[in-house]
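Engineer: Structure for this input, please:
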Amino acid sequence: MSTDLNRWLGGTLPGSWQDTVTLALVTLLLGVALYRYHADSRRRLRHALWVTLLLFALLRLSLWMGRDSQALSWTLLSEVCVVLLGLILIRVWGMVVFRLALPLAHLTPPRILEDIVVAVAYLAWGLVLLRQAGLDLSQIVTTSAVITAVLAFAMQDTLGNILAGIALQLDNSVDIGDWIRLDDVTGRVVEINWRATSVETRNWETVVIPNSVLMKQKFVILGRRQGEPSQWRRWVHFDVDWETLPTQVIQKVEKALAEAHIPNVADEPPPNCVLMGFENGLCRYAVRYWLLDLNLDDPTDSMVRAHVDAALRRHNVRIAAPQYNVAITKENEKYFEARHRRHIEERLAALSRVDLFAPLTEAERVQLAEQLRFTPFVTGDTIMQQGQVAHRLYILIKGEVEVWVDDGQGRQLVDVLGPGQVFGEMGLMTGEARSATVVARGTVECFRLDKEALQTILSSRKELLESLSRTLEKRLAERRRKRQHPDPAAAPLPEPGNELMERMRRFFGLTRSG
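Structural biologist: Predicted coordinates for the structure are as follows:
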C-alpha cells in the first residue's frame, strides 16, 4: 500500500511518514461516517476535510518539485504538511471515539474530557516528532521541569477552571440544557468547555461563567427533581378584600384554571390556589402552577393572571387595589355619576339589540340594565356546560364563542357566535338544562342577566309573559332548523304555544289568574 501511496503522491515519503499519511486516509473515512450520524460535528469535520485536501495537494506538490531539485524549502514544506496531517487526524479520531464509538457502547463522557484527551495527544505527537528528529526526550523532560512549575503557577486559574469543568461534568452537577440561577443570572446552559460554562438568558444574552466560580459558589438548577419530569413551580400572587370568603376565592380560581387548560401549564400536579396571609386589610393569595417550558415564564404567568382576573370578575369579585384614605370631593362624585350613566347607556344599547326584550318599556329596560353584570372570559374558558342548569342569559358584546354539542358520539362544533348575539335564553326563561357547551374562542366580554332581575319586572306586569313567550317561540323554531344532530341525552326543546307558556309561568312562579 505504501508503494501505491508513493506513486500517487509522485515522490517518496519516509517510512514513518507513510504510516501517518495512510492513517490520515483511514481517519478520513471514519470522519465520513461521523459526518453522517452526528450532525453537531459536521461543521468542524467540513473544515478538517478541506484542510486535509489542501495538505495532500501541498504534499504532492512538495514531493514532485523536490524530486529533481532536492530543494530544502520543498522538503520543509512536506514535513510541515505531515505534521499538520497528524494534528488533524488526532482531532478527528478524538471526535470519532468520543462522539461515535463511545455512544454506541452506551457511554456518554463529558465533552471537556474529549478536549483534554485530544490536547494530551497533541503533546504526545509533538514528542514523537522530536524523537524522530533525534532529540533526547529525557533531557527535554529534565530541563522542562522548572519551566513546567513556573507555567503551572502562572496558569493556576486556568488549571483550576479545567479541573472544575471536569468535576462538574463527571459528577453530573450540571448538564447541557439545564436551567440554572447564579446570583442575578438565570439561563440555560449551552456549553461547558475547558475554561468556562456558557449560559443563555431569556434576554438573548450569553453569560460566560468560569468553571471555578461554579465550583466555589452555590447555584440552583431549576426544574430538576430526581425521578420527576422537568418542570418548575411558579407563584402568581394577587389580593382580594376580606369581605369575600377565602374558600370561595380558592374554589372559583382553581375551577377556572382546571377548565382552561392553559398552554405550558402542567396538568400534574394541577394548579392550586392558597391563602398566603392577611396584609393591610386584604387577603393575600397565590396561584401555584408547574411550568413546562422554562423559557416562557413571564408569558405563562401573564396568561394565569388573566384567567384569575376573569374568573373573579365573573363572580363579582375584584382584585383589590392598595387602600388609602382619600377625601372625596364633588369632582369625584361627578366622575362616578358620569361613569354610571355611561355604563347604563352601554347596557341599554345591548338590550335594544335583543329581540327577546323588545316588548319591554323604556323604564323596564332601564331597570333591567341596572341588573346586568359585566362578565369577561379568556381563551378556553367554559361559559356554559351542556347538561348543567343555570338560570342566566349572556349578551355577547366583544369577541367570539364556540357552541359545541355532544351527541353521544363525540363533540361537534355547531355554531360560532359574535358580538350582539345572545345565548342561554332557555335557561333564563324556562330553567331547562343547557343544550350545548359554549367556550370562549378568545378574549370575550359579555353582559349577564340573572333570573331574579327579570322576575321583578314580570311580577309587576304579568301580561308581559305572553309577549316574551311569542318571541321565544321564534327563537326555538330557528334553533330547531339549525340543530342537525340532536343530543338524545339532552332535555327536549319545549313545544311552542301553551306548553312553553305554562313552563315559563311555573318557572317564574306566576299564577294563571294573574
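
Engineer: in stretch 114-130, what's buried?
Structural biologist: If you call a residue buried by 16 or more other Cβ atoms under 10 Å, then stretch 114-130 has these buried ones: 114-118, 121, 125, 129. To be clear about C-beta, it is placed using only N, CA and C from the backbone, and glycine gets the same treatment.

Engineer: correction: stretch 240-250
Structural biologist: 240, 244, 249-250.

Engineer: Return the member of the residues you listed nearest to Arg36.
Structural biologist: If you rank these by distance to Arg36 using Cβ to Cβ, Ile250 comes first, at 56.7 Å.

Engineer: hmm, back to that, will you turn the buried residues of stretch 114-130 into TSV that also has secondary structure?
Structural biologist: Listed next are these as TSV, based on DSSP: H, G, I helix; E, B strand; the rest coil:
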residue	secondary structure
Glu114	helix
Asp115	helix
Ile116	helix
Val117	helix
Val118	helix
Ala121	helix
Trp125	helix
Leu129	helix
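
Engineer: after the helix or strand hosting Glu452, next one along is what?
Structural biologist: With elements delineated by DSSP states H and E, Glu452 resides in helix 451-460, which encompasses its position. Once helix 451-460 ends, the next helix or strand along the chain (criterion: DSSP H and E) is helix 464-482.

Engineer: from the buried residues of stretch 114-130, which is closest to Ala101?
Structural biologist: When the buried residues of stretch 114-130 are ranked by distance to Ala101 (Cβ to Cβ), Glu114 comes first, at 11.7 Å.

Engineer: Looking at pLDDT only, which of the buried residues of stretch 240-250 scores worst?
Structural biologist: Scanning the buried residues of stretch 240-250 for pLDDT, the low point is Thr244. It has 85.

Engineer: Look up how far Ala256 lies from the residue nearest to that residue when sequence neighbours are not counted.
Structural biologist: On the basis of Cβ to Cβ, 6 or more residues apart in numbering, the spatially nearest residue to Thr244 that is not a chain neighbour turns out to be Val317, at 5.2 Å. Applying Cβ to Cβ, to the nearest Å, one obtains 12 Å for the distance of Val317 from Ala256.

Engineer: for Glu333, same thing?
Structural biologist: Glu333 is 35 Å from Ala256, where distance means Cβ to Cβ.

Engineer: So which of the two has more stuff around it?
Structural biologist: For the pair Glu333 and Ala256, the greater number of neighbours falls to Ala256 (23 against 10), based on other Cβ atoms under 10 Å.

Engineer: tell me the SS of the residue nearest to that one when sequence neighbours are not counted?
Structural biologist: Distances taken as Cβ to Cβ, 6+ apart put Ala311 closest to Ala256, at 3.5 Å, once the chain neighbours are dropped. For Ala311, the assignment made with three-state DSSP gives helix.

Engineer: wait, what's in contact with Ala311?
Structural biologist: Shown here is Ala311, whose contacts under the criterion Cβ atoms under 8 Å, 6 or more residues apart in numbering are 252-253, 255-257, 381.

Engineer: Repeat the analysis, applying 10 Å as the threshold.
Structural biologist: By Cβ atoms under 10 Å, 6 or more residues apart in numbering, the residues touching Ala311 are 249, 252-257, 259-260, 317, 376-378, 381.

Engineer: CSV for those, including distance to Ser460 and secondary structure?
Structural biologist: As requested, these are arranged in CSV below (distance: Cβ to Cβ, whole Å; DSSP: H, G, I helix; E, B strand; the rest coil):
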residue, distance to Ser460, secondary structure
Val249, 36, helix
Lys252, 33, helix
Val253, 38, helix
Glu254, 41, helix
Lys255, 36, helix
Ala256, 36, helix
Leu257, 42, helix
Glu259, 38, helix
Ala260, 41, helix
Val317, 31, coil
Pro376, 31, strand
Phe377, 33, strand
Val378, 38, coil
Asp381, 35, coil
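
Engineer: part of a strand, is Ala433?
Structural biologist: No - in this structure, Ala433 is coil, not part of a strand, as judged by three-state DSSP.

Engineer: Just the pLDDT for it.
Structural biologist: 88.

Engineer: What is the neighbour count of it?
Structural biologist: 15.

Engineer: Is it possible to get CSV of the contacts of Ala311 that adds distance to Arg505?
Structural biologist: Formatted as CSV, the entries for those read as follows, by distance: Cβ to Cβ, whole Å:
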residue, distance to Arg505
Val249, 38
Lys252, 34
Val253, 39
Glu254, 39
Lys255, 34
Ala256, 36
Leu257, 40
Glu259, 35
Ala260, 39
Val317, 35
Pro376, 34
Phe377, 33
Val378, 38
Asp381, 34
